[in-house]
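Peer 1: coords please:
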Amino acid sequence: MSSVQILIADDNQVDRKILGRILQKQGHRVIEAVNGREAVELYRQHLPEMVLLDVMMPEMDGKQAALQIKDAAGEDFVPIIFLTSLTDAYGLAECLDSGGDDFLNKPYNPVVLEAKVHAFFRMREMHYTLQQQRDTIARHNEHMMREQEAAKAVFDNVAHQGCLSADNIRYLVSPLAIFNGDVLLAARQPNGSMNLLLGDFTGHGLPAAIGAMPLAEIFYGMTNKGYGVRDIVREINFRLKQILPVGFFCCAVMVEMNFERKTASLWMGGVPDCYLYRQQTDKLEELRSSHLPLGVLSDTRFRDSLQEFNLANGDRFLLWSDGILEARNPAGEMFGQPRLFDVISTAASADDIFPAIRLALDEYQGDSARDDDITLAEICMVEPPEQTTPEIDRTLACKNGPMDWSFEYRLGSQSLANFNPLPVVMHVLSEVPGLKMMSGQLYTVLSELFSNAFEHGVLELDSALKQTPAGFTEYYRQRGQRIAELQQGQVKIHLEHQGDGLAGLLRVRFEDSGPGFDYQAMLAANAAALQQAGTGQYSGRGIPLIHRICESVEYLGKGNVVEAVIHWPIPATRA
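Peer 2: Next up, the predicted model:
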C-alpha cells in the first residue's frame, strides 16, 4: 500500500500528536485539525484519503463534521474513523449513523490502527475501481444509445408506418427496446387494396430487429408495385433465409384486403391463433397458422398457399404476436389464449373489441415487468377509398419518357400458373410521366381485365359462385385445382400509347385462349336491367368500376378479347 494522506481532528494536542506520530512512522502523511470546523475546511483544501475524527470537540463536534465531510466528498468514498473513549453502544451507533465508517478506542493500539488503515484503503480502492467501471459502462451505454437512435432513424425511414393511420386500422405496439423483434407494416396497392403484415422475429432487441429492414423494404417496394400476398411472402422468405443465421426466423401473418371485391387473402406462418370477426353474425372464426415461419425453408420448399375470405363491411381481422398471450401478471401467470378469447367474445360490440383487449391486458399486467414485445392489430373491411387523379405537372416535357409506343406480352400456361405479370406491365406504364401519377386507376383496370381473362377465360371459372360464402370457398377451391392441372392456355396483353406528356390515349387489349362467352346477350340483359331497375347484371363490382375509368370497354371476337381505351388525364366527371 502506498502512502495515504490522513486528516486527524482532535482538540487534545497530546492525543493528536501521538496519533500523528504513529501514522507517520507507518509511512503516511498527516494533516492536523484542532476542531470539527477546521477539519471540514482542511478536507476541502487537501481532499485527504482518510479522516480520523474525535467525537467531542469545540465549535463543531465530530458527528457534525462527519456529515459535512461526507457531503463534500459526494460520490467519492472517504473513510471516517471516530476516535472515542465511549463504551456506550448507543453513543457508538450515533457515530456510525452520522457518517462514520468505524471507530477507534483510546488509547490507540498501533497494530489495530495500521490494520484499519489498510482495510479502509482497500475499500477505498475498490470503491474507486467500481466508480471507474460504472462510468465506463455509462459511457459505452450512452455511445450505444446514440448509435441505436441513429440506426433507428434509418430503420424508421425504411420500416415506416405506411398507411397504419388509415381509419380501418387500429394497432398497439409496445416494444421492450428502441429496436424490437415485432414488426407491423401496412401499405396500399396501386388499385386501392391494402396489405398489412405483422411479424415477430426470434428474440427481441437489436438482434431481432436486424431482419426487419430487408423485410420492410421488400414489403413496401412490392406492395407499391401491385404485388399481392403470395409474391411478397415468398420474396421475404427467400431474403431472410439468405441473411439470417441459423435459429433466427420471423413468425408472420399477412393479409391483403380488396375493398372493391370485398375479399381478403391471408398467409399465416408460426404466429398464434388469431380471429376473424363477422359483424353481421357476431361470430368469431379461428385462424390457424398453416405454414412455418419466414426464413426457415428454402425457396423450393416454401409454401405460399393462402386462405381466402369473402367479407362484408365491418368484418375485421384481429391479429397479434405471442407477446400478448405470454404477458404475465405480478404472480407470473400468462395471459393466455382462453382469457383473450373471453375478452373478445364478451365485448359489447365490434368496435369495443380492440379497446377491450388493451384494457384487459393493462389490468392483467399491472406493474409486473415486461419480458416480450407486444403487438396487436385490427384491420376492418370498409368501402373502397375514392381514387383521384392528381393534376399533371405541366412542367414535364415529352422528352421525359416514351410517348408513342406499343407493347405486347404473352403468357403461357406455366407463367399463368405461378406468375403475376401486372407489376411488370405497371413498370412499363410508369415510364410515361403522366401515367405514373394514375397508377391506381391503371392498376384497377389491368387487374380486373387480367383476372377475367385468366380466371374466367383460361380457367373457365364461374364468377357467380362468389355470391355466397360457401360458393366463394368453392370458387377458390376450383381455382387452385385448375391451376394445378393447367397444361395449356395463354393470355396476351397488348398496350398502345399516344401522347404529348400532358395528355394521351392508352389502348389496352387482353386476349385469352378460353372459349369466350355470349357477350352480346350479356350486354343486352345489362342494358335492360339498367332501364328497369337502374342496376346492371355484372357479377361483382369490377366491370362497372373500369367503365367509370375508361372511355370505352369493348368485347371482340367470341368474347375472349376485350379492349379498353383510357384518355388521360381522366375527366373529373368520370374519375
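Peer 1: do you know how far Gly295 is from Gln307?
Peer 2: For Gly295, the distance to Gln307 equals 21 Å [Cβ to Cβ, to the nearest Å]. For the C-beta atoms, the positions are set from N, CA and C on the backbone; glycine is no exception.
Peer 1: compare those two and say which is more crowded by neighbours.
Peer 2: Set side by side, Gly295 and Gln307 show more neighbours around Gly295, with 27 against 17, by other Cβ atoms under 10 Å.
Peer 1: residues contacting the more buried one?
Peer 2: By Cβ atoms under 8 Å, 6 or more residues apart in numbering, the contact set of Gly295 is 211, 237, 240-241, 244, 248-250.
Peer 1: for Cys274, same thing?
Peer 2: Counting by Cβ under 8 Å, 6+ apart, Cys274 touches 253, 268, 286-287, 317-320.
Peer 1: do that again at 10 Å, thanks
Peer 2: 198, 253, 255, 266, 268, 285-289, 317-320, 340, 377 (Cβ atoms under 10 Å, 6 or more residues apart in numbering).
Peer 1: give me phi/psi at His494?
Peer 2: When read as degrees, to the nearest 10, the backbone of His494 gives phi -120, psi 130.
Peer 1: which pLDDT value belongs to the residue lying closest to it once chain neighbours are set aside?
Peer 2: Excluding the flanking residues, the one nearest His494 by Cβ to Cβ, 6 or more residues apart in numbering is Arg509, at 4.2 Å. If you check Arg509, the pLDDT there is 96.
Peer 1: then Leu502?
Peer 2: 79.
Peer 1: neighbours around it, how many?
Peer 2: Leu502: 15 neighbours (other Cβ under 10 Å).
Peer 1: do the same with the one 10 residues further on
Peer 2: The criterion is other Cβ under 10 Å. On that basis, Asp512 has 26 neighbouring residues.
Peer 1: how many neighbours does Tyr364 have?
Peer 2: Around Tyr364 there are 18 residues (other Cβ under 10 Å).
Peer 1: that one and Gly332 touch, don't they?
Peer 2: No - with contact defined as Cβ atoms under 10 Å, Tyr364 does not reach Gly332; the gap is 12.0 Å.
Peer 1: could you look up the SS state of the closest residue to Gly27 other than its chain neighbours?
Peer 2: Leaving aside its chain neighbours, Gly27 sits nearest to Ser3 (5.3 Å; criterion: Cβ to Cβ, 6+ apart). When classified by DSSP: H, G, I helix; E, B strand; the rest coil, Ser3 comes out as coil.
Peer 1: same for the host helix or strand of Arg548, what does it pack against?
Peer 2: In this assignment (DSSP states H and E), Arg548 forms part of helix 542-549. Judged by 3 or more Cβ pairs under 10 Å, 6 or more residues apart in numbering; DSSP states H and E, the packing partners of helix 542-549 are helix 439-451, helix 519-533, strand 552-556, strand 561-568.
Peer 1: mind listing what the residue nearest to Gly27 touches?
Peer 2: Ser3 is in contact with 24, 26-29, 49, counting by Cβ under 10 Å, 6+ apart.
Peer 1: now, which of those residues sits nearest Pro402?
Peer 2: Glu49 (83.0 Å; Cβ to Cβ).
Peer 1: mind checking pLDDT for that closest one?
Peer 2: pLDDT, read off for Glu49, is 90.
Peer 1: likewise Cys550?
Peer 2: For Cys550, pLDDT reads 89.
Peer 1: isn't the residue nearest to His494 right up against Leu495?
Peer 2: Yes - applying Cβ under 10 Å, one finds Arg509 in contact with Leu495, separated by 7.9 Å.
Peer 1: for the two, list the residues in contact with both.
Peer 2: The contact lists of Arg509 and Leu495 share Glu408, where a contact means Cβ under 10 Å, 6+ apart.
Peer 1: buried deepest among the helices and strands packed on helix 542-549, which one?
Peer 2: Highest mean neighbour count among these (mean count of other Cβ atoms under 10 Å): helix 439-451, with a mean of 23.
Peer 1: and that one, what does it pack onto?
Peer 2: helix 422-429, helix 433-436, strand 491-499, strand 504-512, helix 542-549, strand 552-556, strand 561-568.
Peer 1: let's go with 6 Å and repeat that
Peer 2: Contacts defined by 3 or more Cβ pairs under 6 Å, 6 or more residues apart in numbering; DSSP states H and E place helix 439-451 against helix 422-429, helix 542-549.
Peer 1: can you redo those helices as CSV with mean neighbour count?
Peer 2: Below are those laid out as CSV (neighbours: other Cβ atoms under 10 Å):
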stretch, mean neighbour count
helix 422-429, 17
helix 542-549, 18
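Peer 1: which one of the ones you listed has the lowest average pLDDT?
Peer 2: Taking the mean pLDDT of the helices and strands packed on helix 439-451, helix 542-549 comes last: a mean of 75.
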